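Peer 1: Fold the following and give me the result.
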Amino acid sequence: MVEKHSILIISQHFPPERSGNASRIYDMAYNLTTQGVNVHVISPFPTFPTGTFPRTWKKSSDSRIHGINITNLWAWQPISKDPGFVSRMCYYLLFPIHASFWVIIHSKKYDTIITSSPPLFVHIPGLLTKKLTGKKWVMDVRDLWIDASISLGFLKKGSILEKVTRIFEKSCLISSDAIGVTTQELGRRLSDDPEVRKKTHLVPNGVDTGFFYPHPREKKNQIVYAGNIGYAQDLELVIRAVQLVNQHQHLEFIIAGGGDTGSDLKDLVNSLNLQELVHFPGILPREDIPKLLSESLIGIAPLKNLQSLEYAAPTKVYEYMSCCIPFIGCGKGEIQEIANESGAGIIAENSPEKIADVILQLLNDPVRRERMGESGRKFVEQRFTRKAIAKNLITVIEGIS
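Peer 2: Numbering: from 1, shown residues only. Here you go, the predicted model:
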């Protein structure tokens with residue numbers, strides 16, 4: 001007999017990976033367990049950022065941490081920091097195929113399955129299990145993966161691959177019992193189907209306010225970006241903005257994390273001779289991030305100005321606010337709404353000059369920085385703690401007929 005609320009979470013990312021997606025899934029799983037839910041997570045052996053973990057050929061491995069049962073399944077692990085198309089597709093596809101076999105064999109142990117994308121293909125085991133067993137299935141959707149892939153040049157618009165993935169996505173949306181989206185804008189863009197919208201619920205990224213909090217550390221003359229160093233971020237513009245700022249006053253820029261575009265950014269820093277101003281500490285232990293944020297003056301969240309990214313609410317923004325520092329963002333849509341509603345952020349146009357102007361405004365107004373930081377902390381405490389989000393997710397699951 002299945003225990004009440006025995007949930008299987010399928011995710012492409014999970015610790016010891018240190019991406020925002022990995023920490024979000026861990027926090028979701030942990031906060032569900034603290035509320036009496038039996039949680040099992042299956043994910044690939046750690047891979048992301050690609051090229052930073054050793055390859056393994058083990059079929060699977062089981063472990064348990066903080067009440068969460070974890071199974072790592074073999075999948076393709078790219079060894080390049082910026083994998084080619086074939087390697088990426090193997091990475092995206094082999095894990096959900098392996099997971100599908102695993103879930104079908106073990107499905108009797110769980111009453112609910114949650115599949116968390118991106119990438120889109122992680123929903124394959126959810127769809128198959130729903131069709132074969134009728135288990136409750138919740139799609140956790142964190143981005144418009146197809147649209148983002150097209151806008152960033154990974155997928156060709158109008159190609160057979162795009163058409164196939166859109167057919168698959170539509171089938172998943174129709175077949176699932178509930179859909180969680182990280183922002184309201186994402187929910188609006190995900191589908192025009194009234195039946196899909198009816199079962200779509202807000203499950204925001206949020207933040208663990210007990211982990212991310214303002215540490216009593218002396219402030220340094222630095223701004224910080226902490227997260228995935230990928231194609232969706234306009235970090236090149238921020239580097240050039242820092243060069244402009246330093247014509248007026250000394251300021252350093254910490255880019256903490258790993259990802260596909262890290263080597264290109266390092267080449268840019270070297271070409272501009274900014275090695276003493278822009279630093280790449282790499283992927284830091286998660287427990288070090290709140291300290292890094294607390295000693296920084298401003299957090300940076302520079303999304304590219306693409307329509308396909310207007311739904312995005314980066315996890316790092318919530319972490320900045322939780323650590324009581326203001327943030328400067330780029331882009332439109334959801335991130336702009338967060339900045340306005342929280343009073344903790346300013347959105348700059350996507351140009352080095354405009355970003356530099358906003359940085360200088362905040363550098364020269366410490367009272368405003370402090371006020372914005374306090375507003376951000378209050379905002380996430382009231383609306384975006386991951387404990388409350390997990391509780392709401394249980395309510396969504398219980399509402400599935």
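
Peer 1: Could you use CA atoms for every contact and neighbour count after this?
Peer 2: OK.

Peer 1: same question for stretch 170-183, mean pLDDT?
Peer 2: In this model, stretch 170-183 has an average pLDDT of 96.

Peer 1: any idea of the mean pLDDT for the helix or strand containing Ser63?
Peer 2: Per DSSP states H and E: Ser63 is located in strand 60-65. For strand 60-65, mean pLDDT rounds to 96.

Peer 1: what packs against that strand?
Peer 2: strand 68-73 (3 or more Cα pairs under 8 Å, 6 or more residues apart in numbering; DSSP states H and E).

Peer 1: Span of stretch 141-156 from start to end?
Peer 2: Start and end residues of stretch 141-156 are separated by 22 Å (Cα to Cα, to the nearest Å).

Peer 1: buried stuff in it?
Peer 2: Val141, Arg142, Asp143, Leu144, Trp145, Ile146, Asp147, Ala148, Ser149, Ser151, Leu155 (16 or more other Cα atoms under 10 Å).

Peer 1: Same question for stretch 276-289.
Peer 2: Going by 16+ other Cα under 10 Å, stretch 276-289 has these buried residues: Leu277, Val278, His279, Phe280, Ile283, Arg286, Ile289.

Peer 1: Among those, which one lies nearest to Ser23?
Peer 2: The nearest member of the buried residues of stretch 276-289 to Ser23, counting by Cα to Cα, is Arg286 at 8.6 Å.

Peer 1: Now for Leu173: which residues touch it?
Peer 2: Met139, Ile179, Val196 (Cα atoms under 8 Å, 6 or more residues apart in numbering).

Peer 1: now do Ile167
Peer 2: Per Cα under 8 Å, 6+ apart, neighbours of Ile167: none.

Peer 1: still on that earlier bit, run through who's touching the strand holding Ser63.
Peer 2: So strand 60-65 is contacted by Asn69, Ile70, Thr71, Asn72, Leu73, Trp74 (Cα under 8 Å, 6+ apart).

Peer 1: Using CSV, please lay out these together with pLDDT and neighbour count.
Peer 2: Formatted as CSV, these follow (pLDDT from 0 to 100; neighbours: other Cα atoms under 10 Å):
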residue, pLDDT, neighbour count
Asn69, 97, 16
Ile70, 98, 19
Thr71, 98, 20
Asn72, 98, 20
Leu73, 98, 22
Trp74, 97, 21
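
Peer 1: ok, what's across the strand from the nearest residue to Asn69 once chain neighbours are set aside?
Peer 2: Excluding its sequence neighbours, the residue lying closest to Asn69 (Cα to Cα, 6 or more residues apart in numbering) is His40, at 4.5 Å. Note on His40: beta-bridge partners Leu8, Asn69, judged by DSSP bridges.

Peer 1: Surely His40 is in contact with Gly67?
Peer 2: No: between His40 and Gly67 there is no contact under Cα atoms under 8 Å: 9.2 Å.

Peer 1: Those two: which is more packed in?
Peer 2: Higher neighbour count among His40 and Gly67: His40, with 21 against 15, using other Cα atoms under 10 Å.

Peer 1: any idea how far Arg24 is from that one?
Peer 2: Here His40 is placed at a distance of 15 Å from Arg24 (Cα to Cα).

Peer 1: same question, Phe45
Peer 2: 17 Å.

Peer 1: Between the two, which is the more surrounded one?
Peer 2: Phe45 (29 against 22).

Peer 1: what's near enough to touch Ile283?
Peer 2: Here Ile283 is in contact with Arg18, Ala256, Gly257, Gly258 (Cα under 8 Å, 6+ apart).

Peer 1: From Arg286, how far out is the second one?
Peer 2: Meaning Ala256. In terms of Cα to Cα, Ala256 sits 11 Å off from Arg286.
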